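[1] need coordinates for the following:
(2 chains)
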There are 2 protein chains.
Amino acid sequence: MDAMEALYTTRAMRRVKPDPIPEEVQKKILDAAIRAPSGGNSQGWRFLLVDDPGVKGELGPIYRSCMDTLWGTIYKDRIDAAEADPEDPESISTMKMVRSASHLAEHFESYPLFLFGFCQFDNSGGSIWPAMWNACLAARTEGVGSAVTSVFFLQLEEMKKVLGVPDDTWHFAACVSFGYPTGRWGVAPRRPVHEVSFRNSWDGDLGFEIPEPLFSMD
Amino acid sequence: MDAMEALYTTRAMRRVKPDPIPEEVQKKILDAAIRAPSGGNSQGWRFLLVDDPGVKGELGPIYRSCMDTLWGTIYKDRIDAAEADPEDPESISTMKMVRSASHLAEHFESYPLFLFGFCQFDNSGGSIWPAMWNACLAARTEGVGSAVTSVFFLQLEEMKKVLGVPDDTWHFAACVSFGYPTGRWGVAPRRPVHEVSFRNSWDGDLGFEIPEPLFSMD
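    Numbers count the residues shown, from 1 in each chain, chains lettered A, B, ... in the order given. Have a look, this model is predicted:
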């Protein structure tokens, strides 16, 4: 697969089949992950695959509890606003996101594979996120969808207990779900570059606009 | 470029030419960045390109001061150990990293382009790092090297003042340097997957080994 296709079409893909992810694909996912940089090349990372039904069965209720907390706190205002004005494009986008994230929570146990990433000696995230994102991109090249979630932060101790994570210097960074999509791949709509990018100072003129994505599936 | 080549060969590339990065390449870098996911698709990000010699001239001394602090604090023990036993493979690797990072500091003003990433509403890094890493991968597909650094954290206020970053909800995530390499691309050596990956529990058997990288330039 062309690199630009991978970069443009690796988007949160939560509607997936329960079909297992073959070992050869798991190898590609992890071997791409460890090629990422880390601060001072410390490689202070640890990757935990979860595919055991018993472990998923313990994690599922924890995840759903975290999502309930999330909707009732951080996202409450945004959801209330969306429900008050459901025809607004922003509201439609919000409710689409909520439905997709809820789908993951409700079907947690039927996802074939999860990847949990942990790191040491890193406050910025820069020593674990490139690796996690490489994992998602490598999965994409094999036709496997992924979705990144950090909401286990809301019940960190419960999650760590299930996985047997020692209570020491290892920090949880993210959980990625994997699965073969039921739908199609596409380029995610985004606010265009020239609305979020500047040059040489906070409000400095970028010097160009990019009205349409530079890659399309057509 | 094939996606796997991009994932395997995008490594810190600090020895670069002063040649400018063309506008078309800058567009590809930024447009790939914004395709990344962000928590709740919030897109709470802001990207700042820096190529003005005057701005680089103000940032260079700040960056060098940050690096001096870094070597004398976080990395002090590792460098002392490397100097005490310079033939050890670990020491050789450490000093190589130090030389490479020092090269960036000493030549800061001669890099043609920097990208500063800022984000809102994100403590995990997961809503800005995939975008920053997409930028590095997209640059790679155009033959442009990159190196990620977060050390401006050590003099955050000074850096924000130079760039005019308002003192509000925007958090600095990372700075990426760009440039056309003077050397060659290659696959970075890493601790193999089976030493840093597990299955279903913290020390659970992964079930496979990956003795050699699954992609090579040969």
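
[2] where does chain A get nearest to chain B, residue-wise?
    At 2.1 Å from chain B, A:Gly125 is the closest residue in chain A, using Cβ to the nearest Cβ. No exception for glycine: its C-beta is placed from N, CA and C like everyone else's.

[3] return the residues in contact with that residue.
    Counting by Cβ atoms under 8 Å, 6 or more residues apart in numbering or on different chains, A:Gly125 makes contact with A:Ala173, B:Ser124, B:Gly125, B:Gly126, B:Ile128, B:Trp129, B:Ala173.

[4] try A:Arg140
    A:Arg140 makes contact with A:Met1, A:Ala6, A:Thr9, A:Thr10, A:Ser146, A:Trp185, B:Ala3, according to Cβ under 8 Å, 6+ apart.

[5] and the closest residue to the second one other than its chain neighbours, what is it in contact with?
    So the one you mean is A:Ala6. Spatial nearest neighbour of A:Ala6, chain neighbours left out: B:Ala3 (4.0 Å); criterion: Cβ to Cβ, 6 or more residues apart in numbering or on different chains. For B:Ala3, the contacting residues are A:Met1, A:Asp2, A:Ala3, A:Glu5, A:Ala6, A:Leu137, A:Ala138, A:Arg140, A:Thr141, by Cβ under 8 Å, 6+ apart.

[6] kindly recompute the last result at 7 Å.
    Neighbouring residues of B:Ala3 by Cβ atoms under 7 Å, 6 or more residues apart in numbering or on different chains: A:Met1, A:Asp2, A:Ala3, A:Ala6, A:Leu137, A:Thr141.

[7] any idea how far it is from B:Pro20?
    Per Cβ to Cβ, to the nearest Å, B:Ala3 is found 27 Å from B:Pro20.

[8] okay, helices next: where are they in chain A?
    Here chain A has its helices, by DSSP state H, at A:3-9, A:23-33, A:53-72, A:76-84, A:89-106, A:129-141, A:156-163, A:193-196.

[9] just the buried residues of the fifth one, please?
    In this case it means helix A:89-106. Residues A:Ser91, A:Thr94, A:Met97, A:Val98, A:Ala101, A:Leu104, A:Ala105 are the ones in helix A:89-106 that count as buried (16 or more other Cβ atoms under 10 Å in any protein chain shown).

[10] coming back round to it: buried only: go through the contacts of A:Arg140 for me.
    By neighbour count, with 16+ other Cβ under 10 Å, those hold A:Ala6, A:Thr9, A:Thr10, A:Ser146, B:Ala3 as buried.

[11] state the pair within those residues that is farthest apart.
    A:Ser146 and B:Ala3 (14.0 Å; Cβ to Cβ).

[12] pick out the lowest-pLDDT one from the contacts of A:Gly125.
    Across the contacts of A:Gly125, the bottom pLDDT score, 80, is held by B:Ser124.

[13] now the contacts of A:Gly125 in a markdown table, with distance to B:Pro213?
    Compiled in a markdown table, these are given as follows (distance: Cβ to Cβ, whole Å):
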| residue | distance to B:Pro213 |
| --- | --- |
| A:Ala173 | 23 |
| B:Ser124 | 29 |
| B:Gly125 | 26 |
| B:Gly126 | 26 |
| B:Ile128 | 28 |
| B:Trp129 | 23 |
| B:Ala173 | 28 |
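
[14] so of the residues you listed, which ones are in strands?
    The members of these that map onto strands under DSSP state E are A:Ala173, B:Ala173.

[15] so who does the residue nearest to A:Asp52 when sequence neighbours are not counted touch?
    Leaving aside its sequence neighbours, A:Asp52 sits nearest to B:Asn200 (Cβ to Cβ, 6+ apart; 4.4 Å). By Cβ under 7 Å, 6+ apart, the contact list for B:Asn200 reads A:Val50, A:Asp52, A:Val55.
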